[in-house]
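J.: Give me the fold of what follows.
(one chain, ligands or ions: 1)
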Amino acid sequence: MTPSPKGTPDPAVRAPNLAPRSPLSRGGRGAWAFDLDNTLYPARCKLFAQVEVRIRDYVAGFLGLDSAAAYRLQKVYFREHGTTLQGMMRHHGMEPGPFLAYVHDIDLSAVPPDPVLDQALGRLEGRKIIFTNGSAEHARKVMERIGVARHFEAVFDIAAAGYVPKPEPRVYDAFVRRHGLDPTATVMVEDIARNLVPAAAIGMTTVWVRESETQPESGLDPPDRATLAAIDHVVDDLALWLSDLTREEAT
Ligand SMILES: [Mg+2]
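T.: Model prediction:
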């Protein structure tokens, strides 16, 4: 596991940590799989907090629970099933469509345009695909807001995954098949550490954007040893990290 490369311009600092066939060391000629929420924009925007409140409210209305009980159940399903949606579908027969439309109906003004990320993605070689547990419509709106939509060839969303969320290993296989990826030439970037474990298991290089898991409301325990062992790079600021990476490659 590497320390954050932020503020450490010496490439030697992280060179020993590169996986032998890492696309990072081959000029990024493979593919990049980016998670969306709390990855392409910083968790401090609190955008996902709005989604979480709407998930709670939808669960409360659907099951006739008060807010506190709905929130507890939401977090139990998130931990046990990867998403609250999956828990609600399995245990309560809930339809995914209306739920997804409701929970993603949020105010995006909390997310600022990110020209630094836009420029870095423009310099970054390789195919770029969004791999999210949210909906494709939400992903497109957020990418438009950040100003980076043009860099991504596709969104593999929760519907494409048959509503089975990361970190279910079969979803990673489906993602790789759908987009014809070579996992050993693919980098996966994600804010939830446990979602990187199946990626590493099929040979992907992994990048953990760790900010959101340091927030107490994440509902996640700190990554354990096995999870940390699946992480190749730890990043605090994705835009700056990609900027550093692509500048080095250009020189
Ligand atoms: Mg995320």
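
J.: so where does the residue nearest to Gly87 when sequence neighbours are not counted fall, helix or strand?
T.: Distances taken as C-beta to C-beta, 6 or more residues apart in numbering put Tyr77 closest to Gly87, at 2.5 Å, once the chain neighbours are dropped. C-beta: built from backbone N, CA, C; applies to glycine. With the criterion set as DSSP states H and E, the secondary-structure element containing Tyr77 is helix 67-81.

J.: contacts for that helix?
T.: Identification of contacts with helix 67-81 by C-beta atoms under 8 Å, 6 or more residues apart in numbering yields 52, 55-57, 59-60, 63, 65, 83-84, 86-88, 90-91, 165, 219-220.

J.: for the very next helix or strand once past that helix, which positions count as buried?
T.: On the C-terminal side of helix 67-81, the nearest following helix or strand under DSSP H and E is helix 84-92. By neighbour count on 16 or more other C-beta atoms under 10 Å, the buried set for helix 84-92 is 84-89.

J.: and Ala239, how many neighbours?
T.: Applying other C-beta atoms under 10 Å, we find 21 residues neighbouring Ala239.

J.: Buried ones in the strand or helix carrying it, by neighbour count?
T.: Using DSSP H and E, Ala239 sits in helix 238-250. Of all the residues in helix 238-250, those buried under the rule 16+ other C-beta under 10 Å are 238-246.

J.: So it, near the ion or not?
T.: No: where contact is defined by C-beta under 5 Å from the ion, no part of helix 238-250 touches the ion; the two come within 11.4 Å at best.

J.: List the contacts of Val103.
T.: Residues touching Val103, when contacts are defined by C-beta under 8 Å, 6+ apart, comprise 51, 54-55, 58.

J.: ditto for Gly147
T.: 113-115, 118.

J.: TSV for those, including secondary structure and distance to the ion?
T.: Conversion of the contacts of Gly147 to TSV gives the following (DSSP: H, G, I helix; E, B strand; the rest coil; distance: C-beta to the ion, whole Å):
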residue	secondary structure	distance to the ion
Pro113	coil	19
Asp114	coil	16
Pro115	helix	22
Asp118	helix	19
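
J.: ranking those residues by neighbours, who comes first?
T.: When neighbours are counted by other C-beta under 10 Å, Asp114 leads the contacts of Gly147 with 19 neighbours.

J.: Distance check, the nearest residue to that residue once chain neighbours are set aside against the ion.
T.: Nearest residue to Asp114 in three dimensions, chain neighbours excluded: Ile146, at 5.0 Å (C-beta to C-beta, 6+ apart). With the distance defined as C-beta to the ion, to the nearest Å, Ile146 ends up 14 Å from the ion.

J.: what residues does whichever helix or strand Val171 is part of touch?
T.: In this structure, Val171 is located in helix 169-179 according to DSSP H and E. Helix 169-179 is touched from outside by 31, 33, 127, 129, 131, 154, 156, 160-162, 164-166, 181, 183, 186, 198-199, 201-202, with contacts defined as C-beta under 8 Å, 6+ apart.
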